[in-house]
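J.: model the structure of this input:
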Amino acid sequence: MAYFFTSDEHFGHKNIIKYCNRPFSSVEEMDETLIDNFNSKISDDDVTVHLGDFCLYKSVNRVETNYIDRLNGEHIFIMGSHDKWLSNLNPKSIFECQIDNTYIVGCHYLMKIWPLSHYGSWLLFGHSHGASNNLIEGKQHDVGVDNNNYYPLSFNEIKEIMSSKPDNLNLANKIFD
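T.: Predicted coordinates for the structure are as follows:
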């Protein structure tokens, strides 16, 4: 079992193609490409954390039938700006877990300080469609599809990305030295 992270798929959202200058000629082409890209990396044994804006639809049944049932693996959904379909499922707005002694926090939004950031935790986020990369400080990464060639990222891929990033600004050993 491997962990993957992604955000901002915007399944079924025709206008996102224009808003984010996505390289698709139709919402159907975008949806099918995102599903194919996803399934090319993720097996049925894997877990994917979706950090918001999965789908624009309001009906859980429509989202499950059109998208979730077609994607490999297990899914954890965090509330984003456009996830009305999640409303009745009591979604969380923050995801926290530990993988290989690394504490990971996931949220739809970029934050300056997040749980355990002073101990070196990572923040994975979306929402900005790659536009906030110049605001990132420390161990943070935009896992949105627009920022990652329309693919989800594995924990190992994120670990490689984080290896070249500086420590978090509020790291405890920096503050108390």
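
J.: not counting sequence-adjacent ones, nearest residue to residue 14?
T.: residue 27 (4.3 Å; Cβ to Cβ, 6 or more residues apart in numbering). (Each C-beta comes from the backbone N, C-alpha and C, glycine too.)

J.: against residue 51, how distant is that neighbour?
T.: Distance of residue 27 to residue 51, computed by Cβ to Cβ, to the nearest Å: 21 Å.

J.: what pLDDT does the residue nearest to residue 14 get?
T.: We note a pLDDT of 96 for residue 27 in this prediction.

J.: what about it, how many residues nearby?
T.: 18 (other Cβ atoms under 10 Å).

J.: ok, residue 170 next?
T.: With other Cβ under 10 Å as criterion, residue 170 counts 15.

J.: and the residue nearest to residue 14, its phi and psi?
T.: Dihedral angles of residue 27 (phi, psi; degrees, to the nearest 10) stand at phi -70, psi -30.

J.: now do the strands in the chain.
T.: 3-6, 47-50, 74-77, 94-99, 102-107, 122-125, 140-142, 153-154 (DSSP state E).

J.: where does this structure dip in pLDDT?
T.: 174-177 (pLDDT under 70).

J.: give me that answer again for 50
T.: Scanning the chain for pLDDT under 50 picks out 177.

J.: I'd like to know how far residue 124 sits from residue 153.
T.: Taking Cβ to Cβ, one finds residue 124 at 8 Å from residue 153.

J.: surely residue 59 and residue 84 touch.
T.: No - with contact defined as Cβ atoms under 8 Å, residue 59 does not reach residue 84; the gap is 9.2 Å.

J.: which residues are in contact with residue 67?
T.: Residues in contact with residue 67 (Cβ atoms under 8 Å, 6 or more residues apart in numbering) are 11, 12, 31, 35, 54, 55.

J.: nearest to residue 71, of those residues?
T.: residue 35 (6.5 Å; Cβ to Cβ).

J.: and that closest one, how many residues sit next to it?
T.: 17.

J.: cool, thanks, talk later.
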